[in-house]
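Undergrad: next comes the sequence, and after it the predicted model I'd like to discuss.
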Amino acid sequence: MHDQDLVKSNPWSIKEGSFPTDGNIEEKLKFLLRYAILAPSSHNTQPWKFSLDNNTVKIFIDRDRWLKVADSDRRELHISIGCALENLIVAANHFGYRCDVDYLPESEKKYPAVSVTFQGSNSQPQSSSNGLFEAIRGRHTNHNVYEAKPIGEENLEKLQNINKGKEIRLHLTDDPEVKRKVDSLMTKGDAMQFADPEWREELGYWMGQGVFGTSWLTSKMSQLAVTYLNMGKSTAKKDSELLLSAPVLGVISSRSDGREARIKAGQTFERLALTAASLNISLHPMSQILEITELKSEVAKLIPVSDVYSQQTFRLGYAEPEKKHTPRRPLEEVLV
Ligand SMILES: Cc1cc2nc3c(=O)[nH]c(=O)nc-3n(C[C@H](O)[C@H](O)[C@H](O)COP(=O)(O)O)c2cc1C
């Protein structure tokens with residue numbers, strides 16, 4: 001199969017060496033966008049669209065892919081957009097581009113959320129010392145039980161010190177008391193979500209689309225099971241095991257709570273995920289406690305700073321690697 005067809009059928013097969021050094025700006029930006037679409041997103045909805053205009057990329061939010069029940073306040077929708085934006089910037093920097101990012105005001109639905117202008121590159125890959133570019137293809141959400149191995153001081157510091165900007169905070173903790181409280185909130189969250197037929201139907205719909213990389217038959221069976229059975233108890237038990245196995249829990253928060261702050265929180269989340277991947281540390285976002293208003297306010301009480309909005313909760317640790325990537329829509333499907 002020709003390189004380009006391979007990348008269309010499996011977006012994860014993109015290779016650094018295929019950068020179109022002698023191509024025009026459109027070909028180069030398209031190549032960089034192939035890294036943007038490898039970003040994580042809630043339920044792997046990939047709620048993004050992109051347009052190209054000279055040296056500018058505009059990122060649009062695809063509202064048809066918004067999780068209206070699980071993510072009623074659109075927090076995760078915007079975080080997912082931030083993840084794709086961060087991948088784009090990391091890839092662009094790797095190929096020598098400087099990016100000017102404009103966060104656009106929230107107005108009519110059809111307008112873009114972000115505009116990125118690319119400046120000056122000799123198209124020569126930079127010898128990346130931080131490993132973030134390489135980590136775009138290496139990153140997975142790791143759903144396994146984590147090992148009883150602490151994250152050492154040096155690596156914790158690297159994670160804590162990622163570039164966050166002024167708006168965003170990152171709080172990491174290994175405090176067993178905090179873990180216990182989060183565990184109890186999560187057990188409540190799982191019970192509340194599974195008791196809601198609309199929530200189950202929405203999750204079932206996405207599972208049925210094969211977003212988690214399962215075969216057609218397994219996807220359809222999972223859809224039926226999730227939609228018609230209340231698996232709250234068994235899910236809570238499994239989630240509790242996952243959570244308590246992790247040596248470190250974390251939350252990303254922001255000083256304000258508009259679209260821009262959430263997109264920036266998403267960028268920080270992805271930067272953290274890439275940094276963790278570059279250190280062979282696994283990461284798993286666990287969002288249910290922020291998807292339920294009553295529980296979200298309890299999470300805020302666990303953060304040792306005031307006047308911040310919780311944006312993303314997750315666990316970190318060491319684990320058996322995930323075996324395969326979740327599927328991605330090809331770039332051709334998300335270019336407008
Ligand atoms: C904003 C956001 C919220 C997420 N919440 C959860 C979650 O609550 N539980 C979970 O297992 N995965 C969660 N994920 C991970 C996605 O399911 C995952 O990114 C997607 O399936 C793609 O897989 P990958 O990250 O391995 O590429 C979340 C991801 C994002 C970006």
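TA: Good, I have the coordinates. On a predicted model such as this, the values are computed, not experimentally measured, just so you know. Numbers count the residues shown, from 1 in each chain.

Undergrad: residues from the stretch 51-200 of the chain in reach of the ligand?
TA: Within the stretch 51-200 of the chain, the residues that sit near the ligand (Cβ under 6 Å from any ligand atom) are 76, 79, 80, 83, 140, 141, 143. The way it works is simple: take the backbone N, C-alpha and C, and place the C-beta from them, glycine included.

Undergrad: any idea how far the host helix or strand of residue 316 is from the chain center?
TA: Residue 316 is part of strand 309-317 when elements are defined by DSSP states H and E. Between the mean C-alpha point of strand 309-317 and the mean C-alpha point of its chain there is a distance of 11 Å (Cα atoms, centre = their mean, to the nearest Å).

Undergrad: that one: what's the following helix or strand?
TA: Scanning onward from strand 309-317 (DSSP H and E), the first element met is helix 331-334.

Undergrad: what packs against that following helix?
TA: Counting contacts by 3 or more Cβ pairs under 8 Å, 6 or more residues apart in numbering; DSSP states H and E, helix 331-334 is packed against helix 25-36, strand 48-53.

Undergrad: which residue packs closest to the residue of the stretch 1-150 of the chain found nearest the ligand, ignoring adjacent ones?
TA: Across the stretch 1-150 of the chain, the shortest distance to the ligand (Cβ to the nearest ligand atom) belongs to residue 40, at 2.9 Å. Once flanking residues are discounted, residue 40 sits nearest to residue 83: 5.4 Å by Cβ to Cβ, 6 or more residues apart in numbering.

Undergrad: following whichever strand or helix holds that neighbour, which helix or strand shows up next?
TA: Element membership of residue 83, judged by DSSP H and E, is helix 75-94. Secondary structure here is assigned by DSSP H and E; on that basis, the next helix or strand after helix 75-94 toward the C-terminus is strand 98-103.

Undergrad: that following strand to helix 25-36, inter-axis angle?
TA: Inter-element angle recorded for strand 98-103 and helix 25-36: 70 degrees (by axes from the mean of the first three to the mean of the last three Cα atoms, to 10 degrees).

Undergrad: now strand 98-103 against helix 75-94, angle please.
TA: For strand 98-103 against helix 75-94, the angle between stretch directions is 160 degrees (the same axes, to 10 degrees).

Undergrad: sticking with residue 206, tell me its helix or strand.
TA: For residue 206, the host element (DSSP H and E) is helix 197-208.
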